[in-house]
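In: Requesting a structural model of the entry that follows:
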Amino acid sequence: MLAVKVRTLEMAVKELSARFPSPLLIKITPLLQNIPEDVSRTKRALGQRLLTVLGVLSQAEKFNGTLTLQTNARDVSGTGVQERVTTLYWGLAFAVYVDDAGKFAGMGLPGPEGWEWSTRNESASDVRRFIATYSGETDELDFVNIPVEIR
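Out: Numbers count the residues shown, from 1 in each chain. The predicted structure is shown next:
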């Protein structure tokens with residue numbers, strides 16, 4: 001009975017991981033790779049498998065309680081050209097990004113097949129100030145309107 005429960009948890013964690021943002025996926029990929037595809041062929045003990053599930057959930061809970069800053073490349077102009085953007089994840093709820101020039105911005109939300117990103121260029125200067133305040137680039141504290149939608 002315990003083996004069935006652990007397998008159910010493993011499958012649920014794998015399905016849930018599709019909604020995780022890239023910074024979290026980078027951390028938990030080694031754990032996800034330890035979840036067996038075929039339980040009849042695994043040599044991992046049941047206790048080890050349960051610890052893997054708990055490790056993934058622990059990392060997800062930790063990520064959800066923090067703000068995470070990530071710099072990467074993204075096609076923000078729609079031209080196929082990759083621009084450097086800074087993304088600030090607010091746990092697992094939402095994220096905002098802005099390019100280095102402060103011209104392109106947008107927000108992301110978790111979706112059933114990964115994060116879904118929408119463009120919000122009209123908010124680029126506000127998002128840039130928000131990220132600059134968080135990252136310590138400025139000492140000026142001010143209320144900033146950023147595009148937020150929570151599902």
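In: residue closest to the middle of the protein?
Out: Pro21 (1.9 Å; C-alpha atoms, centre = their mean).
In: Report the secondary structure state of Ala101.
Out: Using DSSP: H, G, I helix; E, B strand; the rest coil, the structure places Ala101 in coil.
In: Equivalent analysis for Trp115, please.
Out: Once three-state DSSP is applied, Trp115 turns out strand.
In: my read: it touches Pro21, true?
Out: Yes. Here Trp115 reaches Pro21: they are 5.6 Å apart, a contact under C-beta atoms under 8 Å. Where C-beta positions appear, they are placed from N, C-alpha and C, glycine not excepted.
In: For those two, list the residues in contact with both.
Out: Common neighbours of Trp115 and Pro21, using C-beta atoms under 8 Å, 6 or more residues apart in numbering, are Ala95, Gly108.
In: on that earlier part again, in terms of pLDDT, where does the residue nearest to the centre of the chain sit?
Out: With respect to pLDDT, Pro21 scores 96.
In: gap between it and Gly55?
Out: Remark: distance between Pro21 and Gly55 (C-beta to C-beta, to the nearest Å) = 18 Å.
In: Give me the residues contacting the helix or strand Lys27 falls within.
Out: Using DSSP states H and E, Lys27 sits within helix 22-32. Applying C-beta under 8 Å, 6+ apart, the contact partners of helix 22-32 are 13-14, 17, 20, 52, 55-56, 59-60, 63, 68, 70, 72, 89, 92, 115.
In: Widest-spaced pair of those residues?
Out: Maximum pairwise distance among the contacts of helix 22-32 (C-beta to C-beta): 27.2 Å, between Thr52 and Asn72.
In: Which residue of the two possesses the greater neighbour count?
Out: Neighbours per residue, other C-beta atoms under 10 Å: of Thr52 and Asn72, the larger number sits with Thr52, 23 against 12.
In: Right, I'll leave it there.
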